[in-house]
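Visitor: fold the following and give me the result.
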Amino acid sequence: MNLRRVENISKRCGGFLRQLSLRGCLSVGDASMKTFAQNCRNIEVLNLNGCTKITDSTCLSLSKFCSKLKHLDLTSCVSVTNHSLKALSDGCRMLEMLNLSWCDQITRDGIEALARGCNGLRALFLRGCTQLDDGALRHLQKHCPELTTINIQSCTQMTDDGMVSLCRGCHKLQILCMILEAARCSHNCHELEKMDLEECILLTDNTLVQLSIHCPRLQALSLSHCELITDDGIRALSSSACGQERLTVVELDNCPLITDVTLEHLKSCHRLERIELYDCQQVTRAGIKRIRAHLPEIKVHAYFAPVTPPPSMHGGGPRLCRCCIIL
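Guide: Presented below is the predicted three-dimensional model:
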């Protein structure tokens, strides 16, 4: 998506637009976002995941014009620095969720600025922000009492002291995602309820067999980017006690061997509330329709790449590609 198309969206929707995803739009840059921010001042949810041309200038524009912003995803916007967090702190004080995963220029000073201004922050994702240390957690502990979710995976400079400090100050914390060292652990985790195995690319169906046997309380499981997982593994999981009595969330994004057969197996998971199936190329709309008919309350999140349109025969103006979704 280019500048002109962002301008068209912002002018057409203007103050009515509340949510927008530009995820993966590699050509979107600061000029586009400045125009957008000026025209769409009531935006509340904005996804810029993977918009790698974005810099601090975009956050300055959001700070100046978009004071109602609540959810902002800047995943992999690697040019974003502490200046962005200072700007958001000044102008976007209603911010509740911020994803800074892989924004590796961020330091504790940026987190301090953010925490001082956005003390209603509830969810913060800092995966891969390798410069962060315990000082960042102490700032969150001091200024963000509403924090319920934080992800600090791959933040290797953080220690036990930082964890203790965070937990002492953030009494509403429910989800803490970090590196878990389980070497030489001699006890089975029978009480395990949530398991995130995203991007564990060497995992096979045998892992799911073992989870189905030894983890009867499992409720949520992420297997996204586990490219060796097949329908057989999901069959073992869905036919187990946890599958039929407990399982509510299964994330299978980018699992290329998964097919509609997996959805047939998951029909027996009566408590299932959500399935993630982005970029599962062998899953079809028909398969999704069948499981929705069987489990009418379920939320299935999937993406089907649009057919590339033929070149215009009449030389029409630029069109908005369907992958640039207005939520």
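
Visitor: gap between stretch 31-44 and the chain center?
Guide: What separates the centre of stretch 31-44 from the centre of its chain is 22 Å, taken as Cα atoms, centre = their mean, to the nearest Å.

Visitor: what about Gly15, neighbour count?
Guide: Gly15 has 11 neighbouring residues, counting by other Cβ atoms under 10 Å. In this view, the C-beta of every residue, glycine as well, is placed from N, C-alpha and C.

Visitor: would it count as being in a strand?
Guide: No. Looking at Gly15 with DSSP: H, G, I helix; E, B strand; the rest coil, it is helix, so not inside a strand.

Visitor: any idea how this protein splits into domains?
Guide: The chain breaks down by automatic domain parsing into domains covering 3-177, 194-303.

Visitor: could I get the ones you listed in JSON lines, plus columns for mean pLDDT?
Guide: Formatted as JSON lines, the domains of the chain follow (pLDDT from 0 to 100):
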{"stretch": "domain 3-177", "mean pLDDT": "94"}
{"stretch": "domain 194-303", "mean pLDDT": "94"}
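
Visitor: how much space between Thr284 and Leu197?
Guide: To Leu197, Thr284 is 25 Å away according to Cβ to Cβ, to the nearest Å.

Visitor: and for Gly128?
Guide: Shown here: Gly128 relative to Leu197, a distance of 17 Å by Cβ to Cβ.

Visitor: and what of Ser89?
Guide: Plainly put, Ser89 is 34 Å away from Leu197 if you go by Cβ to Cβ.

Visitor: does the residue nearest to Gly169 when sequence neighbours are not counted count as helix, strand or coil?
Guide: For Gly169, ignoring the flanking residues on the chain, the nearest one in space by Cβ to Cβ, 6 or more residues apart in numbering is Gln141 at 3.0 Å. Of the three states, Gln141 takes helix under three-state DSSP.

Visitor: just checking, Gln141 touches Ser165?
Guide: Yes. With contact defined as Cβ atoms under 8 Å, Gln141 reaches Ser165; the gap is 5.1 Å.

Visitor: now do the contacts for the nearest residue to Ser21 once chain neighbours are set aside.
Guide: Nearest residue to Ser21 in three dimensions, chain neighbours excluded: Asn47, at 4.0 Å (Cβ to Cβ, 6+ apart). The contact partners of Asn47, by Cβ atoms under 8 Å, 6 or more residues apart in numbering, come to Leu20, Ser21, Leu22, Arg23, His71, Asp73.

Visitor: look up phi and psi at the fifth one.
Guide: Comment: the main-chain dihedrals of His71 come out as phi -120, psi 130, following degrees, to the nearest 10.

Visitor: okay, it and Asp279: tell me how far apart.
Guide: Using Cβ to Cβ, His71 is found at 22 Å from Asp279.

Visitor: repeat for the first one
Guide: Spatial separation of Leu20 from Asp279 under the definition Cβ to Cβ is 21 Å.

Visitor: more crowded one of these two?
Guide: Neighbour count, other Cβ under 10 Å: between Leu20 and Asp279, Leu20 has more, with 22 against 16.

Visitor: for the helix or strand harbouring that one, packing partners?
Guide: Using DSSP states H and E, Leu20 sits in strand 19-21. Here strand 19-21 touches strand 45-47, going by 3 or more Cβ pairs under 8 Å, 6 or more residues apart in numbering; DSSP states H and E.

Visitor: repeat that for 10 Å
Guide: When contacts are defined as 3 or more Cβ pairs under 10 Å, 6 or more residues apart in numbering; DSSP states H and E, strand 19-21 sits against helix 3-13, strand 45-47.

Visitor: check which residues of the first one are buried.
Guide: For helix 3-13, burial by neighbour count (16 or more other Cβ atoms under 10 Å) applies to Leu3, Arg5, Val6, Glu7, Ile9, Ser10, Cys13.

Visitor: same deal with stretch 157-171?
Guide: Met158, Gly162, Ser165, Leu166, Gly169, Cys170.

Visitor: also stretch 217-229?
Guide: Residues of stretch 217-229 classed as buried: Leu218, Gln219, Ala220, Leu221, Ser222, Leu223, Ser224, His225, Cys226, Glu227, Leu228, Ile229 (neighbour count, 16+ other Cβ under 10 Å).

Visitor: can I assume Ser212 is in contact with Asp232?
Guide: No. Counting by Cβ atoms under 10 Å, Ser212 does not reach Asp232; the two are 11.6 Å apart.

Visitor: of these two, who's got more company?
Guide: Higher neighbour count among Ser212 and Asp232: Ser212, with 22 against 17, using other Cβ under 10 Å.

Visitor: in contact with that one, which residues?
Guide: By Cβ atoms under 10 Å, 6 or more residues apart in numbering, the residues touching Ser212 are 218, 233-243, 247.

Visitor: tabulate those (CSV), appending secondary structure and distance to Thr259.
Guide: Formatted as CSV, these follow (DSSP: H, G, I helix; E, B strand; the rest coil; distance: Cβ to Cβ, whole Å):
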residue, secondary structure, distance to Thr259
Leu218, coil, 23
Gly233, helix, 12
Ile234, helix, 10
Arg235, helix, 12
Ala236, helix, 16
Leu237, helix, 15
Ser238, helix, 14
Ser239, coil, 17
Ser240, coil, 20
Ala241, helix, 25
Cys242, helix, 22
Gly243, helix, 18
Leu247, coil, 19
